[in-house]
Each structure stands twice: as C-alpha cells, then as structure tokens.
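[1] my questions concern the predicted model and sequence given below.
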Amino acid sequence: MDASGEIAPAVKSILAAARERGGGDERLSVDTRSLPAAFAAAEADGRVPVIAEVKPTSPTTDGERTDDPVALAEEMVAGGAAALSVLTEPDHFGGSPENLRRIRAAVDVPVLRKDFVVREAQLDTVAADVVLLIVRFLQEDDTDDLDDLLAAARDRGFQVLVEVHDGTELQQALDAGADIVGVNNRDLAQLNVDLDTFERVAPDVPDDVTVLAESGIETAEDVARMRAAGADGLLIGSAIMDGSVKEKTSRLTQTETET
Ligand SMILES: O=C(O)c1ccccc1NCC(=O)[C@H](O)[C@H](O)COP(=O)(O)O
C-alpha cells in the first residue's frame, strides 16, 4: 500500500529521507534496560512515568534548541523522567545517532531511539534500549513490514515501541505481537494534535500491553487526562524542551503527588 498521497508534505519528506538513509555496518546485539521496570520504579516513587524527549527541533516547532544534548538529558533525569527518548533523525529533527550514544553512556535510565526506521539494516545504526516502529510508515512502498521489523528488532535484543494512531493500526500492532504500544495524538496526515485520540484508542489495548500516550501533552491537566484514560506512561517532547528542562520535567512528573 502507498498511503503517501494522504500525508502532510513534511511527513512525506521525512519518509523520503528515511528510505534513503543507510544502516549500520554490523548487526547489533543490545543489552537493554527494561522500560516497564523503569515505569514501575517511577510509580513506586510517586512519579508519573514520563519518557522525556530530547528533540532539538521538528517540523512543527519554531527554532532549534542547540544546548548540549547530554546536559539536557541529565536535567530530564534530575527532573524525574523515568526514561528518555532521543531523536536520531538528522534532517527534520536536528538529531543524531551520536547524541543517543553519548546520552545513553551518561544516564542509567532506558533510552528510546526516536527515528523513522523503515528497513532492517537501520536497526543497526546505534544501540538503544527501545526502538520505535510506526505502523503507518510501515504500510508504505519500499519499507519492510511491521512483523519482520519487530522480529528483527527483538532478535537484536531491543524492546520495541509500536506506534499507532487509530483502532485499525492498534489491531495491526497487536496482531504483530506488540507488547509496548504508543498511541500518537499527532495525526501524521495533517500534523494536528488531538488528545481525544488516546481516549478513543486506549480502551482497546489489552491489560497486559504497556500503553503510552504520545504527543501534545503540555500541562498537569493533560497528564491527568491521559492517565485517567489508561496511560501507563507518557512521551513528552516539546513541552519539556521549551524553557527550563529540569523544571518542566519535574512539573509534569510530580502531578500525582501534589495536593
Ligand atoms: O513533532 C513533530 O513535529 C512531528 C512531525 C512529523 C512527524 C512526527 C513528529 N513528531 C514525532 C513525535 O512522535 C513526537 O516527537 C513525540 O510524540 C513528542 O511529541 P510532543 O510532546 O508533542 O513534542
């Protein structure tokens, strides 16, 4: 299926760049830090399980954050982030595999590689604890299938976050055997964000699957809303990258302990 006619120009450009990108020279074998265990530790500690994202820029952000990514990551952990997400996409998000390598060496929480992986060899670009596979992108021409990529990632030892946007994609993720699912509130067709998306899709996620709410979470009210709808964890980028990263992370991870 080629759905590229339905998606926003910025996303078509992301996908075109992803198709062109090479992979690693050698097949990786990774020894990972458990994401569910990190979420459980945060819960036990009274923190909302948040994956804070080192996201220097994006197609929907003005400007670029040029601070040292390792310093930003350390501030996120100091602010209570259970895990980190690091953009490695260079062309549209200002990320790099080197950022991830340095950050993962500097922190002890699980690190998600945030990129648009469409072929098996791209899994070998850099070691991470979790890799992202986006169902929508893996329905396009010239990409590997979700099932094959999920198996290839697990063979290398990665935990896999499978991202969906609606009930049909959720079913595809579950059929493929996903055990960590992210519901993206950002629609990759129009790039608009709607927190209703998570509330619509999350009730159909089985209890034994870890479910994340992704994108558009900015306030304590948004955190409470996603948690009430069943989110085991939250993926937050822009709201944390805007201003004091430690303070923003702390504000969003401490919402359930405030009186
Ligand atoms: O963030 C974008 O502008 C974007 C544009 C096109 C495709 C994907 C995009 N974002 C990917 C993400 O999933 C987010 O970085 C992540 O969920 C955090 O979202 P937010 O908290 O809204 O920054």
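    Alright, I've got the coordinates. These figures come from a predicted structure and were not determined experimentally.
[2] how about the contacts made by residue 25?
    If you count contacts by C-beta atoms under 8 Å, 6 or more residues apart in numbering, residue 25 has them with residue 124. Yep, even glycine has a C-beta here, placed from its N, CA and C like the rest.
[3] and the helices in the stretch 101-250 of the chain, which stretches?
    146-155, 167-176, 196-201, 220-228, 238-241, 245-253 (DSSP state H, counting those that start in this stretch).
[4] of all the ones you listed, which one is nearest residue 19?
    With distances scored as C-beta to C-beta, the stretch of the helices of the stretch 101-250 of the chain nearest to residue 19 is helix 146-155 (13.9 Å).
[5] kindly export the closest one (C-alpha atoms) in CSV.
    Listed in CSV are the C-alpha atoms of helix 146-155, where the atom choice follows Å, rounded to 0.1, in the frame of the first residue of the first chain:
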residue,chain,number,x,y,z
LEU,A,146,5.9,-4.4,10.7
ASP,A,147,6.1,-8.1,11.5
ASP,A,148,9.5,-8.6,10.0
LEU,A,149,11.0,-5.4,11.6
LEU,A,150,9.5,-6.3,15.0
ALA,A,151,11.1,-9.7,14.9
ALA,A,152,14.4,-8.3,13.6
ALA,A,153,14.5,-5.8,16.4
ARG,A,154,13.7,-8.4,19.1
ASP,A,155,16.4,-10.7,17.6
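[6] who does it touch, helix- and strand-wise?
    Packing partners of helix 146-155 (3 or more C-beta pairs under 8 Å, 6 or more residues apart in numbering; DSSP states H and E): strand 130-134, strand 159-164, helix 167-176.
[7] does any part of the shortest one sit near the ligand?
    It refers to strand 130-134. No - where contact is defined by C-beta under 6 Å from any ligand atom, no part of strand 130-134 touches the ligand; the two come within 8.1 Å at best.
[8] offset the numbering so it begins at 33, please.
    Okay, residue one is now 33; in that scheme the one you just asked about reads as strand 162-166.
[9] hmm, back to that, for the helices of the stretch 133-282 of the chain, give me TSV that also has distance to residue 218 and mean pLDDT.
    Putting the helices of the stretch 133-282 of the chain into TSV (distance: least, C-beta to C-beta, whole Å; pLDDT from 0 to 100) gives the following:
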stretch	distance to residue 218	mean pLDDT
helix 178-187	19	98
helix 199-208	13	98
helix 228-233	8	98
helix 252-260	13	98
helix 270-273	10	96
helix 277-285	18	98
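[10] of the ones you listed, which is nearest residue 114?
    helix 277-285 (7.7 Å).
[11] contacting residues around the closest one?
    74, 79-80, 82, 84, 104, 107-108, 110-114, 249, 252, 255, 266, 268, 271-274.
[12] ok so, going back, of the helices of the stretch 133-282 of the chain, which is nearest residue 148?
    The closest of those to residue 148 is helix 178-187. By C-beta to C-beta, the value is 11.8 Å.
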